[in-house]
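**Student:** From the sequence below, what's the structure:
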Amino acid sequence: MSDPSMDTLDKNLFFLSAAFARKLSREADEAFASVGLSSSHALLLLMIEQEPEIQPGQLADKLYLKPSTITRLVQKLERRELVRKKSSGRAAFIVCTSKGYEMAERVAEKWKELTEVKRDELGNRYATVLSEMISNALDELED
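**Tutor:** As a prediction, the model looks like this:
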């Protein structure tokens, strides 16, 4: 006899996507504990390193986060002396410090390792297609 609640969950896009995100986030946070950052802080640092003088609003748009969340994440990176804010007139930019550039190298390597593990678990083709589908779905849902 089938479990009706499992049928409901197995077909619920909202539940499934959130459960998948929670599982991946938990694994990423565990992996980044070794460098002393959460996965959110690690990703943010890597983006700042890759795009010098990025504006907080650009980060918020790219990460689908509220500007206040970006501010909170950046503040922690500032306290760790990994990034600093820079102003030019009314525009604010975020840049890596030398310590931030060093940490970004470790973070990039950790993301690479984590991605390889997930590709091994899911299969390279499946991981690639899943990433593309999620990215495309996010694009379709943009405001």
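**Student:** Low-confidence regions, the protein specifically.
**Tutor:** Residues of the chain that meet the criterion pLDDT under 70 lie in 1-6, 143.
**Student:** Could you identify the helix or strand that succeeds the biggest helix by length in it?
**Tutor:** Of all the elements of type helix in the chain, the one with the most residues (DSSP state H) is helix 98-122. Proceeding C-terminally, helix 98-122 gives way to helix 124-140 as the next helix or strand, assigned by DSSP states H and E.
**Student:** ok, and what's touching that next one?
**Tutor:** Around helix 124-140, the neighbours that count as contacts under Cβ atoms under 8 Å, 6 or more residues apart in numbering are 64, 115, 118-119, 122. Backbone N, C-alpha and C define where each C-beta goes, glycine included.
**Student:** Whichever of those end up buried, select them in PyMOL.
**Tutor:** Restricted to the buried members of the contacts of helix 124-140, where burial is judged by 16 or more other Cβ atoms under 10 Å, the PyMOL selection command reads as follows:
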select buried, resi 118
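**Student:** Can you tell me which of the contacts of helix 124-140 lies closest to residue 22?
**Tutor:** The shortest gap between residue 22 and any of the contacts of helix 124-140 belongs to residue 118, at 14.7 Å (Cβ to Cβ).
**Student:** All good on my end, thank you.
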